[in-house]
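Student: Can you look at this prediction? I've put the sequence above it.
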Amino acid sequence: MESMLPEAFADLEPFASKWSLATEGERYAERMATTMPEIQAFYDAVVPRAEEAIAYCDKYPLDDMPDDALHLLHLLYSMVQVSFPVECWGQPKIPDTGAAALDLISEPGP
Amino acid sequence: MSRLPKPPEGSWTQHYGLGTAPVSYEDSISPEFHALEAEAVFKRAWLNVGRIEQLPRKGSYFTKEITVANTSVIVVRDQQGEIRAFHNVCRHRGNKLVWNDFPRDETSGVCRQFVCKYHGWRYDLDGALNFVQQEEEFFDLDKAQFGLVPVHCDLWEGFIFVNLAKEPAQSLKAFLGPMVTALEGYPFDQMTERWFYRGPVGANWKLYMDAFQEFYHAPVLHARQSPPDWSVPAQNAGFEAPYYKIEGPHRVVSTAGIRPWELGENQRKPMEAVTRSGLFGPWDKPELGVEMPPGLNPSRANPWGLDSFQIWPNFVILIWGQHWYLTYHYWPTAYNSHMFEGTLYFVPAKTARERIAHEMAAVSFKEFGLQDANTLEATQTMLESRVVTEFPLMDQEVLCRHLHKVAAEWVNDYVAGQPGLNNEGVRV
């Protein structure tokens, strides 16, 4: 199978197909649909590589990123998304939020 | 004992002459009051419907559903580059003119003219009726008399406002008044990276306004968003704002800030350090190259947190010390529900690192917002029980007290001008 991420981030490849998602709506839905052990495993793998990954993405202009760097950037967005379950809640969902919804209708790229 | 100075009267509440008695929330649970509010407030006040950047070129348009006033409005940039607004209704048989797929959903796009889906009547961007299908079969139809129904529309600092009154009682600028217009010169036009959130809330619109115009709740409701080394002392200390201002129907709260990069590692979330960002925004603020307007950070707090301008009736501009801003809109849909909109605006990210910092601020915003929204439904349902009818408000809740007072004043003023209505909206 062709890899999604730049070669230097091969260790994160197992997480790419699940977490390299282009929109906040998809990332939020994925977080809700994933168990805490799986979220924790992704968080533990990606956080130590975050600084390097940000620096890698920073080599390209935002409006002209190669696909593999863009996938890496989207993976970093998912890292941000899952940080709240891991660092604050101990569960995917924000406690006491019931059926409340706040959808991101339009968001900036890339 | 408060840590920050208060006005000479001893409290902000007394300083602004709002009275200190417990308040009623009947205005948030009464269908009759809501019906009056629709007429007295939403059909008479200037309402913000968006930003000029949403209409980048000639023919750009968007629609805005104003459910509480039973209408939908088209906002468009015409051939001359002017921003105009019209009721979204075809003059032929009353069909909604501009919509896609679902008639009740908002839409946007670019067009050269508006064409009704029903019988093909066409309107220029300035509202003039320019084509009628089988015109010769109509009876004495003067097309000049059948243009789109205009809505008063004006701009302030790139914010587009409409007013549904036949003749607005005040110009937009007079309505906003000196406290709000003292923001003129803030570089809103540089902050064009837009994040638009929307969600239905099962509570009266004023209850959500209340939630975001006091921060007394913040160390409690949002305690778990921070590690205990931060949240426990924060909750013990409580919250105080250094500055409140009330002018006409509008309100401002200004807060001191923090320098998260100076906090210990146990006082902030690890992801804040990874992304150099958080709820208050990116740690590294963009250069704006302009002086901040005099109306901003009125207490000259350093570090400064934010100024939240609560613009009557349902619009908030919240400007962060870290050089970005957000807006809130609360659009009533019934006495016990509304549509909440939160829109974040940043100077466009130039690098992946900046973009990730924006992502962190935006995700944090949603985590907090969802906590607030769901709490409101819990409030609405129990207010409606009317088991308790009077509620004590403390001094940090001074702006909540003012909002409900203004709502009552506008409704009373409307009723007074409508002989035959009593103040419960009932014909007598």
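Tutor: It's in.
Student: Tell me the residues on the stretch 251-400 of chain B that lie near chain A, please.
Tutor: When proximity is defined as CB under 8 Å from any CB of the partner chain, the stretch 251-400 of chain B approaches chain A at B:269-271, B:274-275, B:340, B:342, B:348-353, B:355-356, B:358-360, B:362-363, B:366-367, B:369-371, B:373-375, B:377. Yep, even glycine has a C-beta here, placed from its N, CA and C like the rest.
Student: so of these, which ones are in strands?
Tutor: Assigned to strands by DSSP state E, the following of these qualify: B:340, B:342.
Student: Could you identify the buried members of the residues of the stretch 251-400 of chain B next to chain A?
Tutor: Members of those that pass the buried threshold by neighbour count (16 or more other CB atoms under 10 Å in any protein chain shown) are listed as B:269, B:271, B:274-275, B:340, B:342, B:348-349, B:352-353, B:355-356, B:358-360, B:362-363, B:366-367, B:369-371, B:373-375, B:377.
Student: Please narrow those residues to those residing in helices.
Tutor: Using DSSP state H, B:271, B:274-275, B:352-353, B:355-356, B:358-360, B:362-363, B:366-367, B:369-371, B:373-375, B:377 are the members of those that sit in helices.
Student: Show me the shaky parts of chain A.
Tutor: Counting by pLDDT under 70, the low-confidence segments of chain A come to A:1.
Student: List the residues that contact the closest residue to chain A within the stretch 301-428 of chain B.
Tutor: When distances are taken as CB to the nearest CB, the stretch 301-428 of chain B reaches nearest to chain A at residue B:352, 3.5 Å away. If you count contacts by CB atoms under 8 Å, 6 or more residues apart in numbering or on different chains, residue B:352 has them with A:54, A:57-58, A:60, A:62, A:65, A:73, A:76.
Student: can you rerun that using 7 Å?
Tutor: A:54, A:57-58, A:62, A:73 (CB atoms under 7 Å, 6 or more residues apart in numbering or on different chains).
Student: go on, residue B:161?
Tutor: Taking CB under 7 Å, 6+ apart as the test, what residue B:161 contacts is B:46-48, B:154, B:172.
Student: where's residue 109, which helix or strand?
Tutor: I'll assume chain A. Secondary-structure element containing residue A:109, defined by DSSP states H and E: none, the residue being outside all helices and strands.
Student: Not quite, go with chain B.
Tutor: strand B:108-110.
Student: Contacts made by the longest helix belonging to chain A with the rest, please.
Tutor: For chain A, the helix that runs over the most residues, judged by DSSP H, is helix A:67-84. Taking CB under 7 Å, 6+ apart as the criterion, the residues outside helix A:67-84 that touch it are A:4-6, A:9, A:12, A:15-16, A:19-22, A:27-28, A:31, A:39, A:42-43, A:46-47, A:50, A:53-54, A:56-57, A:60, A:65, A:110, B:269, B:271, B:275, B:352, B:356, B:359-360, B:363, B:367.
Student: Likewise for stretch A:97-105?
Tutor: A:24-25, B:195-199, B:366, B:369-371, B:373-374.
Student: let's see it at 6 Å
Tutor: Taking contacts as CB atoms under 6 Å, 6 or more residues apart in numbering or on different chains, the residues outside stretch A:97-105 that touch it are A:24, B:196-199, B:366, B:369-370, B:373-374.
Student: which two from those residues end up farthest apart in space?
Tutor: When CB to CB is used, the two most widely separated members of the contacts of stretch A:97-105 are B:196 and B:374, lying 20.7 Å apart.
Student: Okay, buried residues for stretch B:169-188 please.
Tutor: Residues of stretch B:169-188 classed as buried by neighbour count (16+ other CB under 10 Å): B:172, B:175-177, B:179-183, B:186-188.
Student: likewise stretch B:115-124?
Tutor: Going through stretch B:115-124 with 16+ other CB under 10 Å, the ones that come out buried are B:115-116, B:121-124.
Student: Let me see the ranges of the helices in the chain.
Tutor: Picking chain A for this. In order along the chain, chain A carries the following helices (DSSP H): A:13-19, A:24-32, A:36-46, A:50-57, A:67-84.
Student: The chain in question should be chain B.
Tutor: Applying DSSP H to chain B gives helices spanning B:12-15, B:31-37, B:172-181, B:205-211, B:218-221, B:228-237, B:270-275, B:352-383, B:398-416.
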